[in-house]
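Novice: Would you be able to build a 3D model of this:
(2 chains)
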Amino acid sequence: MRLTGAATAAAAAALSLAGCAGRQSALSPGGADAAALGTLFWVMLGGAVLLWLAMNGMFFYVTRVNASAMPRRLANGMVIGGGIVLPTILLGALLGWGLSILPDQRQPDDGLTIRVHGEQWWWRVEYWPEGAAAPVVSANEIRLPVGERVGFRLDSDQVIHSFWIPSLGGKMDMFPGRETYVSLEAEAPGVYRGQCAEFCGESHAWMAFEAVAMPPDAFDAWLDAEAGAAAAPEGGAAERGAALFAREGCGACHAIRGTGHVGQVGPDLTHVGGRRSIGAGRLAATPEAFAAWITHTDSLKPGVRMPSYDHLSDADAAALAAYLAGLT
Amino acid sequence: MSRRDDSPAAAGEHADERAPRGPYPPTEAMLAEPVPPELQAAQAERLRKAWETPKGWRYWSAVNNSEVGVWYSLTAFCFMLLAGLMALMIRVQLAVPENDAISADLFNQLFTMHGSAMMFLFAVPIFEAISILILPAMLGARDMPFPRLSAYGYWSFLIGGIFVMGSILFDVAPRAGWFMYPPLATEEKGPGSDIWLLGLSFIEIASIAAAVELIVGTLKCRPPGMRVNIMPLYAWYVMVVGGMILFAFPPLIAGDFLFELERSFDWPFFDPTRGGDPMLWQHLFWIFGHPEVYIVFLPSIAIAAMIVPTVARRPIVGYSWIVLSAVGTGFLSFGLWVHHMFTTGLPNISLGFFSAASEAVVIPTGIQLFAFAATLMVGRVRVNLPMLWIAGGLAIFTAGGLTGVMLAIAPFDFQAHDSYFVVAHLHYTLFGGMVFPVIAGVYYFYPFIAKKRLSDRLGKWAFWLIFVGFNLTFLPMHLTGLLGMPRRIYAYPAGLGWDWLNLLSSTAAFVIAAGFAVFLVDLLRPKSRQPQIARNPWEAGTLEWSHDVPEEAWGARSVPYITKRYPLWDQPKLVERMDAGRYYLGDAEEGFRETMITSVIDARPLQVQRVTGPTWKTHGAAIFTGGAFIFPTFHIYWPAILCGAIAVGFIIWWLWSDTARPPEKEMKDVGLGLSLPTYASGPKSVGWWAMWITMLGDATAFASVIFGFFFYWTASPDFPPPEALDPVAWLVGLAAAAMALAWALTRAARSLNRAGRLAAARGALAVAPAATLLGAGALIFSVLHMSPTAHVYPAIMWAIMVWVVVHSGVGAIMQLYCLAGSLAGKMTPRFDADIWNVALFWHFHALSALVACAVLGLAPMVLT
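Specialist: The predicted structure follows:
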């Protein structure tokens, strides 16, 4: 069964994460950093509109309204006043204010750091609570406690990516062989969408993730659960899916802690069923989406390393999907 | 360098014999004396014959600026239309969410090519094309100083452009974005990245050639009396932009050089696993890339600076302010590049510094715009169609400038960087600061070029369609970006608030396209039944409007003596006297194409330059240069080397047969009692200036490679790696000594030749190439034991070595060329321009060879 491009697109559209405008917006802040940058933007926008009107109004006036000759002194004054004095004052003030925000955007974290490693085209995620000896490994989703500044240590496998959750703050590039750092703090629980902002190859468009801000208690509980091994899902289809997972060799690339599967090439799937999306923000994590993904990786994310398992029957795909969706 | 005037001492004892003779400046009485009509007619006939454009298929062998300039402009315009079509395809794909009209891979090729073509095949070349076309006329010159260089540049541009653009038809176009960030671009499979690197390097070299020519043209080809402070503002901008090209393109060429060595031979300059660093490319690219923005923007301001006084019917207000601002913008633009890298994790202190520097550029830009407003204010404005385009451009550009002010604030850039906000910003600056003024220039200068007018009605239609379409397309993108849409994504999910914005942008893009279609119709519609324009239809004040209607290929009938900024307004009887051949060079007795060479600052007449005429040699040189760049794209090297050798052969043939020939008479009467030499060498000659300027660019590129070395040293902890081998010190020392010897011999040959000691000069020129090759060989062997693929430390040493060795090869060819010239009687003690230019090349080359030897030989001791 091979869907045509258009059919795949339709299916993908239907399976896409239920949209909610603003989840990825720099203008709908969910944290202090984004809020400060939002204010900066609105103030600068106001100033820009005024200056634009003044400048173009003046051009309109001298060419259309009053085309006759005006005094030379006025003209000279305008070159010096408008060209030198005014911008020096305005830009000086803007720089003073704008750059004062800069240090806030790079504050140290409150203890929890999350190491995010960019891959083509997904995110390897490791949680390092303060003093932890080993990380909690996950992928393609970031959870963070509300009211706590979380540090992100960023790097990349092969090419440059950029880590950006617009509702929480500015972006930071991710380089191979070099670590960069950014810290973010969510102020309200919610789901914010993040996306790679630096062009990183064929499916750059589909390198996204969701950031889920949770109350601290809930976050701690979630992290405990996430650290644990996978619980084998029950039910006939899911059990058949587990066998298929082994038979199709999925474990060569994917790890599921608590089973024998320890592949490191692709995303860790230990708790994949508990995530909100699959394929790095490509589809909402429903069983149908798992099946669509497994059988159509190529059309959903062109150039992706995971092959399309389109030889699987619908029933097999559904069984695998049931297994994976059950890995909560 | 523009401060450097010609010093009589430099030309030696023969200087006086070749000094201009006769009265200068001309008196009013001399100018008032009529020229007999029969003589006028005979002169015109001789001039017409000398400047005749070849007919039939030989038309394409023309090298005159009026032909090459038109081809160049039209070609750049075609590339712009193609890149525009690519933009339409991009907009179709992005019209709706989850679209699959275009594959991801094709989309990536499209946006890469759209950006690359707009920048390298349109924005920069169109400036050079228009300047080649109109600059000589503004300066009352007959042609550019090196017409064949323009022709060579044009044919190189055409071949390279077609090659790069054509790649998309074969699905092998570059696909890593127009700034080609490694490691993505270095690891790209297929020839895409190579096509970008080599194809565009080829075009960049053509651009630099044109820049050299334009700078020399502005410095040395002005009419007598046109001091620098009264030359048209356009000429000032040409000089500033030419200078910027000269210093901005070389870092990119150096980057391309390293990049291609990595692509072809796996030398790990940008590979972090072997000590390389992708950030080096970002620095080199943006040290080019930000000046590039102003290289694109300033020429458009230059066009506005010509149109605004005409519209205001008053001289420009604040001429000196504008010149200083243009120069200031040029300088500042080299200190802003890091604002393209605000999100790379650089320290806050750097961000703050570059934020402030980026804001500072507002001031010179603002002064220029306010000076235009002031001119319109004091003038009696009569709005015309070109002015409408300028005003529209200004409205758009100021918006782009203001978003630029926002983006320069580093924290805001953390959000806006690489989002559609930036896409909107850059299109506002480029449409407003480039496309609109260029179209204004087309409407303004079309009557100058074609002697016909474009339609006012169609022009207004085109204006409103493009203006409205543009704002509907790009204004929403600011919001799209702030709503989180990154640039360069081929598809997006529904429901993020981007859907209607993208649909609006995509729909309006077709309105822009409709506007361009109207413009194109106006441009191309047959106009044979339309009457020719009256001379100076806009009643402008500058010299280009003195050209004859109907057109004559000679440009200026005679080269005038200029005393005013707006000679057509302020010098009565100027055109009448030009037409009568009353001024200089009103004749072509010997049938040669000639133009005036004047001094740099005050434009005193110095020399009559015989410029070259139609030829096919430049085509051969361009085609084989193309081969030398295109074959390596497919990793085919022997044919590339062969092509390179043939190209060098063509260039030598062209130089040998047509440049620096001893003239048939040393002095000639140029009119008004003035007698000028027909030959110059050293600092008095245009060739020497061109060499100087070219070598400045070349030295900048070399400095960029050396910068790479020190960048690794400061940025990387394992440079050099602990077990690294170092170059063999004694071989490096030998190389330095041999290069110094080769330099000294070349320099001595110049003096010996001048002194008439031909045997000694020839001896020096025969030994010098041997010393050159010994030096090059020693340098090669000094690094041969180091493996350039192992680590970036040996790789950068090898790169420096390759650079010096290739230049040594060129230097040796030059030495042999002079030797051959001396033996063949082409180069004599009196006619020695070749050895002067070669010695100048060697000053630069010897310096870079010694720097290279110092780095290779001394750095290992310092680093360990």
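
Novice: Just want the most central residue of chain A.
Specialist: A:Gly194 (1.8 Å; Cα atoms, centre = their mean).

Novice: can you tell me how far it sits from chain B?
Specialist: 9 Å (Cβ to the nearest Cβ, to the nearest Å). Backbone N, C-alpha and C define where each C-beta goes, glycine included.

Novice: ok so that residue is a helix residue?
Specialist: No: counting by DSSP: H, G, I helix; E, B strand; the rest coil, A:Gly194 is not part of a helix but strand.

Novice: Let me know the pLDDT of it.
Specialist: For A:Gly194, the model assigns a pLDDT of 96.

Novice: Please name the residues that touch it.
Specialist: A:Gln24, A:Ile142, A:Phe163, A:Trp164, A:Ile165, A:Pro166, A:Ala208, A:Phe209, A:Glu210, A:Ala211, A:Gly281 (Cβ atoms under 8 Å, 6 or more residues apart in numbering or on different chains).

Novice: And for B:Thr598?
Specialist: Counting by Cβ under 8 Å, 6+ apart, B:Thr598 makes contact with B:Lys220, B:Cys221, B:Arg222, B:Pro223, B:Pro224, B:Met226, B:Arg604, B:Pro605, B:Leu606.

Novice: excluding its backbone neighbours, what's nearest residue 164?
Specialist: If you meant another chain, say so; for now it's chain A. Spatial nearest neighbour of A:Trp164, chain neighbours left out: A:Lys171 (3.5 Å); criterion: Cβ to Cβ, 6 or more residues apart in numbering or on different chains.

Novice: you looked at the wrong chain, it should be chain B
Specialist: B:Val164's closest residue in space is B:Gly199 (Cβ to Cβ, 6+ apart), at 3.9 Å.

Novice: Could you tell me how many residues sit around the one you found?
Specialist: 27 (other Cβ atoms under 10 Å in any protein chain shown).

Novice: do the one 10 residues further on as well
Specialist: By other Cβ under 10 Å, 22 other residues sit near B:Ala209.

Novice: Do you know the pLDDT at it?
Specialist: For B:Ala209, pLDDT reads 90.

Novice: Surely it forms part of a helix?
Specialist: Yes: under three-state DSSP, B:Ala209 falls within a helix.

Novice: Now B:Thr429: closest residue in space, sequence neighbours ignored.
Specialist: B:Gly400 (3.6 Å).

Novice: got a list of what that neighbour touches?
Specialist: By Cβ under 8 Å, 6+ apart, the neighbours of B:Gly400 are B:His425, B:Leu426, B:His427, B:Tyr428, B:Thr429, B:Leu430, B:Phe431, B:Gly432, B:Gly433.

Novice: which SSE is it in?
Specialist: helix B:385-407 (DSSP states H and E).

Novice: Ok, B:Val92 next?
Specialist: Assessed by DSSP H and E, B:Val92 sits inside helix B:65-94.

Novice: what about that helix, average pLDDT?
Specialist: 96.

Novice: packing partners for it?
Specialist: Counting contacts by 3 or more Cβ pairs under 8 Å, 6 or more residues apart in numbering or on different chains; DSSP states H and E, helix B:65-94 packs against helix B:104-116, helix B:124-138, helix B:147-166, helix B:499-524.

Novice: burial measure for the residue in chain B positioned nearest to chain A, as a count.
Specialist: Per Cβ to the nearest Cβ, B:Gly495 is where chain B lies closest to chain A, at 1.2 Å. Number of residues near B:Gly495 (other Cβ under 10 Å) recorded here: 16.

Novice: cool, the one 3 residues further on as well?
Specialist: When counting by other Cβ under 10 Å, one arrives at 26 neighbours for B:Trp498.

Novice: This completes my enquiry, with thanks.
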